[in-house]
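Asker: The sequence isn't on hand, but the structure is:
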């Protein structure tokens, strides 16, 4: 029924549940996941902030990582513009069969706008739109706890738990990302689920 499923994401905590739903649907129908993040334009057509584009890239990369863990094909895209217009344009251009998105989040301009973005998508889309209202309560809300869990997992896999960090700790879609320096060229990144505390590892630059 579905060959291509679109998951719009801005990386906010509330997108965790919609990503989970989107991946479940894609897994059920052996579909390709399309992760899309929109960098909203400011009043003069410019990015709202210098951090907007990198944050959007991290948001879609997170979806791709989770898809890969399930054996689901995924493609990512970051666009600039009016969120609902860009989502609908992408769906049309890529032949998307269904859109899965939350009703809360962060558009880059104001969290309140997300509800109106979803409402417009539901009203204007010619394909099924699955809206996810529920949000998860994060159990791991602080960087220190996320780092501790990451280091415990690092030790469990046989690596030095005192390995220095490389870069900042940050949270994407309810998952903490903790990067460690390694003897190779690529950092080792721990993905700490903010709800379950589960940890998975990735070398983000290895697939670049």
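Answerer: Great, that's in hand. On a predicted model such as this, the values are computed, not experimentally measured, just so you know.
Asker: Report the buried residues of stretch 60-67.
Answerer: 60-67 (16 or more other CB atoms under 10 Å). C-beta: built from backbone N, CA, C; applies to glycine.
Asker: Hmm, residue 202 and residue 186 touching each other?
Answerer: No: if you go by CB atoms under 8 Å, residue 186 and residue 202 don't touch, sitting 9.7 Å apart.
Asker: Neighbour count for those two, which is higher?
Answerer: A direct count of neighbours by other CB atoms under 10 Å for residue 186 and residue 202 places residue 202 higher, at 19 against 15.
Asker: Report how many residues lie close to residue 73.
Answerer: Look at residue 73: counted by other CB under 10 Å, it has 14 neighbours.
Asker: Contact partners for it?
Answerer: 32-33, 67 (CB atoms under 8 Å, 6 or more residues apart in numbering).
Asker: rerun at 6 Å
Answerer: residue 32 (CB atoms under 6 Å, 6 or more residues apart in numbering).
Asker: What does residue 102 show for phi and psi?
Answerer: phi -90, psi 170 (degrees, to the nearest 10).
Asker: now do residue 157
Answerer: phi -90, psi 0.
Asker: Just the pLDDT at it, thanks.
Answerer: Looking at residue 157, its pLDDT reads 91.
Asker: ditto for the one 5 residues further on
Answerer: Per-residue confidence (pLDDT) for residue 162: 92.
Asker: Please report the distance of residue 118 from residue 97.
Answerer: Using CB to CB, to the nearest Å, one gets 18 Å for the distance from residue 118 to residue 97.
Asker: just to revisit the earlier point, return the member of the buried residues of stretch 60-67 nearest to residue 26.
Answerer: residue 67 (7.3 Å; CB to CB).
Asker: Could I get the contacting residues of residue 180?
Answerer: Taking CB under 6 Å, 6+ apart, one finds 163, 188 in contact with residue 180.
Asker: what about 7 Å?
Answerer: Contact analysis of residue 180 by CB atoms under 7 Å, 6 or more residues apart in numbering lists 154, 163-166, 187-188.
Asker: So which one of the residues you listed is the model least confident about?
Answerer: Out of the contacts of residue 180, that is residue 187, at 82.
Asker: Name the helix or strand for the residue nearest the centre of the chain, please.
Answerer: Centroid check for the chain by CA atoms, centre = their mean gives residue 59 as the closest residue, at 3.5 Å. Assessed by DSSP states H and E, residue 59 sits inside helix 52-69.
Asker: Counting by contacts, list what that helix packs against.
Answerer: helix 15-29, strand 32-40, strand 74-81, strand 170-172 (3 or more CB pairs under 7 Å, 6 or more residues apart in numbering; DSSP states H and E).
Asker: Can I get those in JSON lines including mean pLDDT, mean neighbour count and distance to residue 131?
Answerer: Compiled in JSON lines, the helices and strands packed on helix 52-69 are given as follows (pLDDT from 0 to 100; neighbours: other CB atoms under 10 Å; distance: least, CB to CB, whole Å):
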{"stretch": "helix 15-29", "mean pLDDT": "95", "mean neighbour count": "21", "distance to residue 131": "8"}
{"stretch": "strand 32-40", "mean pLDDT": "95", "mean neighbour count": "24", "distance to residue 131": "16"}
{"stretch": "strand 74-81", "mean pLDDT": "96", "mean neighbour count": "17", "distance to residue 131": "21"}
{"stretch": "strand 170-172", "mean pLDDT": "94", "mean neighbour count": "20", "distance to residue 131": "21"}
